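Trainee: After the sequence you'll find the predicted model.
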Amino acid sequence: MKLLKIVEIALLLLLPLDAFVTLSGSLSSHKLLLSVSVFDDQETDLQSTNQAQQPIRRYRRAKKEPLIAIIGRPNVGKSALVNRIAETHSGGAIVADESGITRDRTYRPADFLGETFHLIDTGGLVFDDDERTLFAKEIREQAMVAIGEASAVIVVVDGQVGLTQMDDSIAEFLRKGISNDIPVLVAVNKCESENTGSLAAAEFWNLGLGEPFAVSALHGVGTAELLESMFEQIVIKKTAFPGFGTKVKELLSAKADWESDEPLEDEDETDARLRKKYGVGDAAAKVMDRYQKAMDSFDEEDRPEEINIAIVGRPNVGKSSLLNAIFGDTRAIVSERAGTTRDSVDAVMERPSPPGSELPSTIYKFVDTAGIRRKGKVQYGPEFFMVNRALRAIRRSDVSLLVLDATVGVAEQDRILAQKIADDGRACVIVCNKWDAVVDKDSGTYDKSVKYFRDELPQVRWAPILFTSAATGQRVGKIYEAADEAIKAHRKRISTSILNEVLRDAILWQPPPARRNGAQAKIYYCNQVSIRPPTIVVFVNDPKLLNDNYRRYLDRKFRESLDGFEATPIRWIFRGRRVRDMIRSKSMNGEPGDGGAGVSYPFPHAD
């Protein structure tokens, strides 16, 4: 401030009277300009920082991948049909012989005839709310969102049960405001027999939605005809990007023109003969170019890397609420009832690359999982598959968000999940939700809470802790920063020389333990062999001589000495001397007690 005052006085002495009056009338504005000139470099750094960190937004799916909504009343086989088309029978949508399994809308990538698209699996539509229809209103809202963003709709009905009043209600809703804008197809499921399938499907002409297709999600009967008709209607109504659904037709057309004996457009008989026999001429070059472009359209496009973030925890700790807070909309159904989420629900967010940068955008894929109860309480059935999906999401994730209830504390199931994350080698961030519901908070509550969760979760004592509130959005935005740091730690690689320096200091500070019989553990050297998670191999004389306490000591010393391992487990592999190394040592040094007589193997010329 003193420097600013001196500069102001100097300016006043140098300026003329009229400028002095102008300056005195706007002194505060000149102070701002002077501050800007003095701290120009700092603001430039701040602007570059803001450009480097672009705001998070919802991921914009490629326009070349249209969305297909699968709707229908409960328990008609919608999820089974999604698994059949997407070829995700193992690890796909949960299928069971009871209604209400699917509640949230889920997205599955699919491919047919070289065309890539996404299927939206929805819950059973019920327009009459009663006590038996649980979450009927929320499921309808999810289905309406799916229909609103879809390029085509497939209505699934049950061919064995026949036409019902609920099917009529859905068809009436689609006829009023949907079928005129986008293609709507009727898939009559459970028609395994080719003889009786057509008879069962004929009844559904009464829906007024066009030709019903007899299909079998279990055996795959009729699904190809259904998708071919869907592609044709999408091309006619132009609900997808231009060219979708025409790859095979373009390829067959170019191939037919190349093999045609008749003259093509702008081609006489001589040119046709030269094209057919020798493959030369302007027309032949055009046809070959069309054929090559048609073949190139089947090549898969490069996709940006997705950072998979699994949201796991016990039931009713606020996982779905946290997903909705991250997504900024109702992505998953939320209620106070435990076990609301059945299948894994994903939300894809994007951080665009800085302007002028050639770096790709950062894609975050958050996967909300079902609450995991104790193993003894889980019976074989839908919940068994729900838990398996959640555990599989942990294994496939780059970062796992372990969601805890800040008002309840740590339960035994939380420790089991923390151990599961550490055993799978996943980076972890502890998210203590419902922080706004904690009562009697003071200046020391935060530190006491951190110490409590550290002591209660020694399995992931290295994981950062966030205290958030999904209801109010408090600190939800910091999850991205914590996830970025966890990814860096999970993929960190340290040079061998630095690792051995840290190892030497750790051994000097605390030598390896010795047993009562005099056996002494000897540590030779170490090196990092892989990442995700960082894996360090330590070469010792006998791994059995190193107990768990000393291994934990090495892990702690490495974390204290090296920066960047705060959010990831370190996988330790203690490897003993190999048999050939022992033979080589014995050949060089001789047998014990013979005075060291031996040969200088593998350098016998040195004797």
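Mentor: Here it is on my side, so go on.
Trainee: so residue 309 sits in a strand?
Mentor: Yes: according to DSSP: H, G, I helix; E, B strand; the rest coil, residue 309 belongs to a strand.
Trainee: hey, which helix or strand in this structure has the poorest pLDDT?
Mentor: Across the helices and strands of the chain, mean pLDDT, DSSP states H and E gives its lowest value to helix 27-38, namely a mean of 33.
Trainee: and residue 406, how many neighbours?
Mentor: Counted by other CB atoms under 10 Å, the residues lying close to residue 406 total 20. C-beta here means a position set from N, CA and C on the backbone, and glycine is covered the same way.
Trainee: which residues of the stretch 301-450 of the chain score low on pLDDT?
Mentor: Applying pLDDT under 70 to the stretch 301-450 of the chain flags the ranges 301-303, 336, 338-339, 342, 381-382.
Trainee: And the helices in it?
Mentor: Listed in chain order, the helices of the stretch 301-450 of the chain (DSSP state H, counting those that start in this stretch) span residues 319-327, 382-396, 412-423, 445-456.
Trainee: Of those helices, flag the one that's most buried.
Mentor: Among these, judged by mean count of other CB atoms under 10 Å, the one packed with the most neighbours on average is helix 319-327 (a mean of 23).
Trainee: Using PDB, list the CA coordinates for that helix.
Mentor: Extracted in PDB, the C-alpha atoms of helix 319-327 (Å, rounded to 0.1, in the frame of the first residue of the first chain):
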ATOM      1  CA  LYS A 319     -25.200 -43.000  -3.000                       C
ATOM      2  CA  SER A 320     -28.000 -42.200  -5.400                       C
ATOM      3  CA  SER A 321     -28.400 -38.800  -3.900                       C
ATOM      4  CA  LEU A 322     -24.700 -38.200  -4.400                       C
ATOM      5  CA  LEU A 323     -25.000 -39.300  -8.100                       C
ATOM      6  CA  ASN A 324     -27.900 -36.900  -8.700                       C
ATOM      7  CA  ALA A 325     -25.900 -34.100  -7.100                       C
ATOM      8  CA  ILE A 326     -23.000 -34.800  -9.300                       C
ATOM      9  CA  PHE A 327     -25.200 -35.100 -12.400                       C
END
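Trainee: Off-centre distance for it?
Mentor: Between the centre of helix 319-327 and the centre of its chain there are 15 Å (CA atoms, centre = their mean, to the nearest Å).
Trainee: gap between the closest residue to residue 163 other than its chain neighbours and residue 161?
Mentor: Leaving aside its chain neighbours, residue 163 sits nearest to residue 203 (5.3 Å; criterion: CB to CB, 6 or more residues apart in numbering). For residue 203, the distance to residue 161 (CB to CB, to the nearest Å) stands at 10 Å.
Trainee: repeat for residue 369
Mentor: Per CB to CB, residue 369 is found 33 Å from residue 161.
Trainee: which of the two has more neighbours?
Mentor: Taking other CB under 10 Å, residue 369 and residue 161 do not tie; residue 369 has more neighbours (27 against 13).
Trainee: buried ones in whichever strand or helix holds residue 175?
Mentor: Residue 175 belongs to helix 165-177 when assigned by DSSP states H and E. Residues 166-167, 170-171, 173-174 are the ones in helix 165-177 that count as buried (16 or more other CB atoms under 10 Å).
Trainee: again, but for stretch 239-259
Mentor: By neighbour count with 16+ other CB under 10 Å, stretch 239-259 contains the buried residues 239-240, 244-248, 250-251, 254, 257-258.
Trainee: Having no further points to raise, I will conclude here.
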